[in-house]
Structure formats: C-alpha cells, structure tokens
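Need coordinates for the following:
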Amino acid sequence: MPKRDKEFSGAVKKIFQLLPILPWLYRELIYWFMELRGKGMFGNQTILKLATGLAKQHIKKSIADPELRQKVTPNYQIGCKRVLPSDDYYPALERPNVELVTEPIEYISQSAIHGKNGSIWEVDVLIYATGFEAAEFNNRGMDIVGRHGRQLFAEWKTSGAQAYYGITASGFPGLLFMLGPNTGLGHNSVVHMMESQLNYILDYLKKLPADSYLDVKPEIQQVFNEKLQRELSKTVWASGCQSWYQTSSGRNTTLWSGPTYQYRRLTKKVNLGDYECVRVGVEKSFIVQ
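Residues are numbered from 1 along each chain as shown. Predicted coordinates:
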C-alpha cells in the first residue's frame, strides 16, 4: 500500500508548537482512520473493495511493465497477509540489476539456485527471508511451570497458544503477558494494546490480596477463546491464505478479532469474578469481594 510519508515543513512544526491540540488531533485522525480501515479486515466488503482498488492503483502507478505488475499482484484477499506500506519497494523491482523470480525452487546447490523448470541462478550470497514464526509460541529454551506441575508450552503445543484477554493463563497465576496470545494487530498500532494491557495488569496488582494469588477460571478462559475464534473465522485472516498469523493447523493465535477501542474497554478493570483466589501454600480458594 502507499505509505504517503512526508516531512512536515518548519511552518507546520511551528504551528504544532503554538497549538499543541493540533498534533493531538492529527494523531487522533490517524488512529480513527486505521480503525475504519480495520473494519475491512473484520469483514466489511465495501472497505475491502476500496482498499483493494487503492493497492492495485499503487501497483499500476509504480510499475510500468505489465508482466511485472502481474507478478506482484497478490492472488489472495487484501489483508489476509500483513499489509505493508511502502513508496519505494515496487520501483526497486524495476531497476536493471533486479529480477523478480516467482518460479518455484527445485533445490539449492553450493553456488546456485535451481528452478523447477530448469533455470539456474548463480549466487554469491543467499539470504533466507522466510518470514516470522510468531503463531506457535515455542518455548525458546524456557520452561514455565504452573500449578500442579503444569507445563505451559507443552499445553500450548497441543491446544495452540491461548490466554484470557491475552494477559493471564488459567493454571499459571502470577504470569501476566504483554502482547500475549491474540493481542497482535493487523490494522493499527500494538502500542495501544500494550497500554490497555498495562492498565489491566496494574489493576490486577492493586486487587491482588496479600499472601494469595489470582488464577483465571478455566471455564472463563475457554468461553473467551471460543468466542474469539468464532469472531476470527469471519475475518479476512481466515479467507484462505497462509500467513504467520496462523499455526500449522490453521488456528489464529496472534491477532485480536476486533477494534482496539473495544479491547481498551474490556481490559480497563479486572473482574475478580473471573478469577479463583488461592492462599499461597494452601490449595484452597476463597472469594474476594
């Protein structure tokens, strides 16, 4: 997508200094525009069509060669993979020392790439830019042990990563995530999500009874995640493409299913009714009023 990045003039910067409300309004405008665009990701076909038209126009404006245009035009619904803003990526592909190859690779030898149709490209350096591994939440050499010896990553390997609002996980009290499962975004800034999570964590600590811990009830977490996955099944991210948003089984464990202002409202305060309160050293729960 076009980035439309531009430098503010000295005059505009001066006006921003004199009237601080203006840069605040400008940032608000950006935020709400991104939220509006996000409605397309959540299933609004009108916004999706407008975004698709803008993306195709960007390709047409940036690339003169019709064959190259065809190569760079995605064959999946816009937003299904991550949307990237750039004004200089497409023009770089038309440089005389650049060739875009979409032919599948048969194998890689010591000094060349061999294509399936017999083409050979000799190389001095090969860079594997194969994307992210974000959805699986692998342990990376770290073990997290919860109540009764439960192993977090072993459970997630079976069920897929999941938590309550992406912040707390049942059976693992005292473990609070920032940007945990299903709190990434495909349409706006994750800083907004992190601020919401910090609000929740601070309220969690404020309400935490002395000599006790709070453990989110398993049924609360299960109902939350079932609803979340139902909502995600209606979004553009479930429209058929392969992306690093999803696990190998197709479960989306990375993205929030709605607008960020909704998440901010839901995580403003901790509802103690969602949690079991257990006295430290004594596996006996009690109710916190």
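
Identify all contacting residues around stretch 116-124.
V101, E103, P104, I105, E106, S111, A112, I113, H114, G115 (Cβ atoms under 8 Å, 6 or more residues apart in numbering). Just so you know, the C-beta spots here come from the backbone N, C-alpha and C atoms, and that holds for glycine as well.

Tell me the buried residues within these.
Listed as buried from the contacts of stretch 116-124 are I113; burial here means 16 or more other Cβ atoms under 10 Å.

I'd like the contacts of stretch 116-124 as CSV, with secondary structure and pLDDT appended.
Shown next, in CSV, are the contacts of stretch 116-124 (DSSP: H, G, I helix; E, B strand; the rest coil; pLDDT from 0 to 100):
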residue, secondary structure, pLDDT
V101, coil, 92
E103, coil, 91
P104, coil, 93
I105, strand, 94
E106, strand, 96
S111, coil, 92
A112, strand, 96
I113, strand, 95
H114, strand, 96
G115, strand, 95
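
what two of the contacts of stretch 116-124 are the furthest from one another?
Across the contacts of stretch 116-124, no pair lies farther apart than P104 and S111, at 19.7 Å, counting by Cβ to Cβ.

For the contacts of stretch 116-124, please prepare TSV with the additional fields distance to L29.
Shown next, in TSV, are the contacts of stretch 116-124 (distance: Cβ to Cβ, whole Å):
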residue	distance to L29
V101	41
E103	44
P104	44
I105	44
E106	50
S111	52
A112	51
I113	46
H114	51
G115	47
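
Among the contacts of stretch 116-124, which one sits closest to P173?
I105 (47.8 Å).

Identify the residues contacting P85.
Applying Cβ under 8 Å, 6+ apart, the residues contacting P85 are M1, P2, K3, R4.

low-scoring stretches of this structure, by residue?
Along the chain, the model assigns pLDDT under 70 to residues 282-289.

what about the spatially most central residue of it, distance to L232?
Nearest to the mean C-alpha position of the chain, by Cα atoms, centre = their mean, lies G184 at 3.2 Å. Per Cβ to Cβ, to the nearest Å, G184 is found 12 Å from L232.

Overlap in contacts, those two.
Common neighbours of G184 and L232, using Cβ under 8 Å, 6+ apart, are L255.

mind listing the strands in this structure by residue range?
Secondary structure of the chain (DSSP state E): strands at 105-108, 112-115, 120-122, 212-216, 275-279, 285-286.

Looking at those strands, which is nearest to M194?
strand 212-216 (19.6 Å).

who are the neighbours in contact with the residue lying closest to V72 once chain neighbours are set aside?
Distance criterion Cβ to Cβ, 6 or more residues apart in numbering; nearest residue to V72, sequence neighbours excluded, is I59 at 6.1 Å. Counting by Cβ under 8 Å, 6+ apart, I59 touches R69, V72, T73, Y90.

quick one: G258 and L232 touch, right?
No - using Cβ atoms under 8 Å as the test, G258 is too far from L232 to be in contact (9.6 Å).

my guess is the residue nearest to the centre of the chain contacts S257, does it?
No - applying Cβ under 8 Å, one finds G184 not in contact with S257, separated by 11.1 Å.

coming back round to it: which one of the contacts of P85 is nearest V270?
Taking those together and measuring to V270 by Cβ to Cβ, the closest member is M1, at 37.6 Å.

quick one: that closest one from A134, how far?
21 Å.

For the residue nearest to H114 when sequence neighbours are not counted, which residues are in contact?
Leaving aside its chain neighbours, H114 sits nearest to E106 (4.8 Å; criterion: Cβ to Cβ, 6+ apart). With contact set as Cβ under 8 Å, 6+ apart, E106 has these partners: H114, G115, K116.
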